[in-house]
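> Return a 3D structure for these sequence lines:
(chains A, B, C and D)
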Protein chains: 4
Amino acid sequence: MLSTTFKITKPTYMRKYVTEFIGTFFLVLVVALTGNALAIGAVLMVMVFAGGHISGAHYNPAVTLAVLIRGKVSSTNAIIYIAVQIIAAAVAALIARWYVGDLSVMTLELDGRILKAFVSELLGTFALAYVVLNVATSKGTTGNSFYGLAIGFTVFAMASTFGSISGGAFNPAVAIGATIIEAFAFKNI
Amino acid sequence: MLSTTFKITKPTYMRKYVTEFIGTFFLVLVVALTGNALAIGAVLMVMVFAGGHISGAHYNPAVTLAVLIRGKVSSTNAIIYIAVQIIAAAVAALIARWYVGDLSVMTLELDGRILKAFVSELLGTFALAYVVLNVATSKGTTGNSFYGLAIGFTVFAMASTFGSISGGAFNPAVAIGATIIEAFAFKNI
Amino acid sequence: MLSTTFKITKPTYMRKYVTEFIGTFFLVLVVALTGNALAIGAVLMVMVFAGGHISGAHYNPAVTLAVLIRGKVSSTNAIIYIAVQIIAAAVAALIARWYVGDLSVMTLELDGRILKAFVSELLGTFALAYVVLNVATSKGTTGNSFYGLAIGFTVFAMASTFGSISGGAFNPAVAIGATIIEAFAFKNI
Amino acid sequence: MLSTTFKITKPTYMRKYVTEFIGTFFLVLVVALTGNALAIGAVLMVMVFAGGHISGAHYNPAVTLAVLIRGKVSSTNAIIYIAVQIIAAAVAALIARWYVGDLSVMTLELDGRILKAFVSELLGTFALAYVVLNVATSKGTTGNSFYGLAIGFTVFAMASTFGSISGGAFNPAVAIGATIIEAFAFKNI
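Got it, this is the predicted structure:
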């Protein structure tokens, strides 16, 4: 599918995008099907360990934004990463919908707690970006074997703390992916 | 038991097969006796950490197949590995049967959910093979200390997500081992 | 905000204090909002992995004291660390109070079990200091990738064992932070 | 307390024995007070990470025996290690008794299941010795950062599988320590 002129450089980038797709897909699938903080932390951990050396293992538009601000990813790549993450999340949401019928576990029920949910998302996303930048992009921790463990269990800890207040995913791709699928489902009625 | 002419090279291969036997045996034993996703992930993790440097720590015909396609194991060794894994699974199933009387926890009850169970096995097995190839056979992650953690917790995450839909083991040796033992038990009636 | 004359050296120290603030803040927040031993162990683990190379990742006056006795932190820095930890704990307690209304989960109910609670805190704090000194300041374990895992899960194990007897935090900043906030709240009545 | 002539070499050995004491003490304390497989696995993991570079972190007569057979510890040291482990277990049992009144959680109730309990202990102890020898004494895994994780979670997995059938500790020091304390308690009646 790739023209001959791109053969030398493109496959490397394509591998990064495929890696972002696979990691985000499995992360959102586990979020949608289980809502289980430990399973979510574990799937993020293993996907970070598996894909970190290829794409940087963001799997999350908020993480891509943090890494962009830190200057460790180009803005072009950042845009493609976020697009791929949203598509992967939508595909995962579609499959999750096929499994369970609807995606209510992914829907935020905010009623009178909007401010608390907002602060929860803010704190959880800050913790995640802070840990990612320190364990995966800092010179002080180069060559460590714990980056996936640290990143995965940040989401576990934050989801355990804020899971009942906000959606607990700290990942805009989850909400966007679910919304796209629900919107399409609505259209078909 | 080994003739003198094989003394120099054979023990190395024999050690690989013994390692595959031990790892698969304990993995299937924990699957059969607990059905507990965290215990299953943990036993796989520790057996991968213990045997990875000897046999590659497959403990699963699907993993051996993936590593064969990647070209990191010879086809002769792949066949012996799979045979050893099935024998180890059958022995574990036999002992599990002695403990609990029957192996119903290992039996898939698929009734009307065959397609969902099939997709679950497909997704879980893909995730496992993908993580194994990336953390245990890739140059980008050489010398890491997390391969066992990543592989074990992939099965934990997938079993937490799909455990109630499929058998959740993502390991053909589990089903084959149980089937052999049940078939023999049936014969004896 | 820093004058030009301090530009060269101060930011390094300031980074240490900010790191201690962030780590202690999230640790106390999870203690106050969940009381869940696994979530507490996990947040400590990830904050140690994220901040260990910057500040040493104490997040606890008892740990700072142990590291001071070992001679791995100056007494000036130790005093500032402890002050920062208490402020961070108070801010976390304030936010936790906003979330849940009161901080009863953080209050020790000692009634007739004062001696047992004291021995529990003594044993848990000893275990924590012992593990920190061995995995984070010892030459024998230099360059390891497990220090955060070891430290975080020491608190998990000790909180699982003594959580129902003492407050289970093994961290004076937790109690001091909560007390400050409760005292201010009392004043306002 | 040490005479001048032993000053140069003895402290090193004394440090090993103190390390074995501390590790076994906390392990048995958590076994006796919680009976929680995850807390037991965690405390063993952290004590192995903390003491592995000093004493080898056996904390278990069965492990010391396995390491002795492998030739990685002298027989004199092995005897002292086992003696220290039993004393540490007895002290932990004494403190556990003070906390909970009696040590029934540590007592094996074998009634008609003696053979199953025996096979369980055999399998669990074999798995533990096998993992310890491979991750902590083998050249193929030298310098790894996962030995504590592998050893601790072997006990977690085995205790999750066999915990309800045998005592689940796979550590003779636990039973011996408890028995000594119960025997003394009986004498005092």
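> Now do the helices for chain A: every range, in order, please.
A:10-34, A:37-55, A:61-70, A:75-100, A:114-136, A:147-162, A:172-187 (DSSP state H).
> Quick check: which of those is buried the most?
Most buried of these, by mean neighbour count (mean count of other Cβ atoms under 10 Å in any protein chain shown): helix A:147-162, with a mean of 28. No exception for glycine: its C-beta is placed from N, CA and C like everyone else's.
> That one - contacts with which helices or strands?
helix A:37-55, helix A:114-136, helix B:147-162, helix C:10-34, helix C:37-55, helix C:147-162 (3 or more Cβ pairs under 8 Å, 6 or more residues apart in numbering or on different chains; DSSP states H and E).
> just checking, what packs against the longest one?
So the one you mean is helix C:10-34. Against helix C:10-34 (3+ Cβ pairs under 8 Å, 6+ apart) you get helix A:114-136, helix A:147-162, helix C:37-55, helix C:75-100, helix C:172-187.
> Let me have those helices in CSV, extended by distance to A:Gly71.
Putting the helices and strands packed on helix C:10-34 into CSV (distance: least, Cβ to Cβ, whole Å) gives the following:
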stretch, distance to A:Gly71
helix A:114-136, 11
helix A:147-162, 19
helix C:37-55, 19
helix C:75-100, 28
helix C:172-187, 34
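> In CSV: those, plus distance to A:Ile80 and mean pLDDT.
Below are these laid out as CSV (distance: least, Cβ to Cβ, whole Å; pLDDT from 0 to 100):
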stretch, distance to A:Ile80, mean pLDDT
helix A:114-136, 19, 91
helix A:147-162, 21, 94
helix C:37-55, 27, 95
helix C:75-100, 37, 94
helix C:172-187, 44, 79
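> D:Thr179: which of the ones you listed is closest?
helix C:37-55 (29.7 Å; Cβ to Cβ).
> tilt between the closest one and helix C:75-100?
140 degrees (axes from the mean of the first three to the mean of the last three Cα atoms, to 10 degrees).
> is helix C:37-55 anywhere near chain B?
No: applying Cβ under 8 Å from any Cβ of the partner chain, one finds helix C:37-55 out of contact with chain B, separated by at least 11.0 Å.
> Show the contacting residues for the residue nearest to A:Tyr147 when sequence neighbours are not counted.
With Cβ to Cβ, 6 or more residues apart in numbering or on different chains as the criterion, A:Tyr147 has its nearest non-adjacent residue at 4.5 Å, and that residue is A:Val135. Contact analysis of A:Val135 by Cβ atoms under 8 Å, 6 or more residues apart in numbering or on different chains lists A:Thr141, A:Asn144, A:Phe146, A:Tyr147, A:Ala150, A:Ile151, C:Phe49, C:Ala50.
> mind checking how far A:Val135 is from C:Ala89?
Remark: distance between A:Val135 and C:Ala89 (Cβ to Cβ, to the nearest Å) = 24 Å.
> Could you do A:Phe170 as well?
Distance of A:Phe170 to C:Ala89, given as Cβ to Cβ: 23 Å.
> Kindly report the same for A:Met14.
In terms of Cβ to Cβ, A:Met14 sits 48 Å off from C:Ala89.
> Tell me how many other residues crowd the closest residue to chain D within chain A.
Nearest residue of chain A to chain D: A:Ser145, at 5.4 Å (Cβ to the nearest Cβ). Burial of A:Ser145 is recorded as 20 neighbouring residues (other Cβ atoms under 10 Å in any protein chain shown).
> so it makes contact with B:Phe146?
Yes: A:Ser145 lies in contact with B:Phe146 (Cβ atoms under 8 Å); the separation is 4.8 Å.
> between those two, what contacts are shared?
C:Ser145, D:Phe146.
> residues contacting A:Gly52?
A:Ala136, A:Tyr147, A:Gly148.
> ok, for A:Gly140, nearest residue in space, not its chain neighbours?
C:His53 is the one closest to A:Gly140 (Cβ to Cβ, 6+ apart), at 3.4 Å.
> Let me see the contact set for the one you found.
Residues A:Asn134, A:Ser138, A:Gly140, A:Thr141 are the ones in contact with C:His53 under the rule Cβ under 8 Å, 6+ apart.
> Just among those, which is most surrounded?
Those, ranked by neighbours (other Cβ under 10 Å): first place A:Asn134, 23 neighbours.
> And that one, how far from B:Gly52?
According to Cβ to Cβ, A:Asn134 and B:Gly52 sit 28 Å apart.
> Any figure for the gap between A:Phe156 and A:Ala62?
When A:Phe156 is compared with A:Ala62 (using Cβ to Cβ), they lie 17 Å apart.
> ditto for A:Gly41
16 Å.
> swap in A:Gly124?
Distance from A:Gly124 to A:Ala62, by Cβ to Cβ: 10 Å.
> so what's in contact with those two at the same time?
A:Phe170.
> before we move on, back to that, what's the distance between the residue nearest to A:Gly140 and D:Thr125?
Distance from C:His53 to D:Thr125, by Cβ to Cβ: 39 Å.
> Now do the contacts for the closest residue to A:Lys72 other than its chain neighbours.
Residue nearest to A:Lys72 in three dimensions, not counting chain neighbours: A:Thr137, with 4.9 Å by Cβ to Cβ, 6+ apart. When contacts are counted by Cβ under 8 Å, 6+ apart, A:Thr137 is found next to A:Val67, A:Arg70, A:Lys72.
> Kindly report the same for A:Ala157.
A:Ala157 touches A:Gly41, A:Ala127, C:Phe26, C:Val30, C:Ala39, C:Ala42, C:Val43, C:Val46, counting by Cβ under 8 Å, 6+ apart.
> tell me which of those is nearest to chain B?
A:Gly41 (8.8 Å).
> if we can go back for a sec, which one of the contacts of A:Gly52 sits closest to A:Thr34?
Closest to A:Thr34, out of all of the contacts of A:Gly52 and judged by Cβ to Cβ, is A:Gly148, at 18.9 Å.
> pretty sure A:Met158 is touching A:Ala127, no?
Yes: under the criterion of Cβ under 8 Å, A:Met158 makes contact with A:Ala127 at 5.6 Å.
> what's the pLDDT at A:Lys139?
Looking at A:Lys139, its pLDDT stands at 87.
> Flag every residue of chain A that's near chain C.
Residues of chain A lying near chain C (Cβ under 8 Å from any Cβ): A:37-38, A:41, A:116, A:119, A:123, A:127, A:130-131, A:134-135, A:138, A:140-141, A:144-146, A:149-151, A:153-154, A:156-158, A:160-162, A:165.
> let's see it at 7 Å
A:116, A:127, A:130-131, A:134-135, A:140-141, A:144-146, A:149-150, A:153-154, A:156-157, A:160-161 (Cβ under 7 Å from any Cβ of the partner chain).
> Let me know the distance separating A:Ala50 from B:Ala66.
From A:Ala50 across to B:Ala66, the span is 13 Å (Cβ to Cβ).
> meant to ask about A:His58, not that
25 Å.
> One more: A:Phe118?
44 Å.
> And A:Ala183, by the same measure?
37 Å.
> now do A:Met45
Distance from A:Met45 to B:Ala66, by Cβ to Cβ: 20 Å.
> would TSV of the contacts of A:Gly52 with distance to D:Thr19 be doable?
Listed next are the contacts of A:Gly52 as TSV, based on distance: Cβ to Cβ, whole Å:
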residue	distance to D:Thr19
A:Ala136	34
A:Tyr147	30
A:Gly148	30
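> for those residues, which one is nearest chain B?
A:Gly148 (6.3 Å).
> Correct me if wrong: the closest one contacts A:Ala50.
No: using Cβ atoms under 7 Å, A:Gly148 is not in contact with A:Ala50, being 8.2 Å away.
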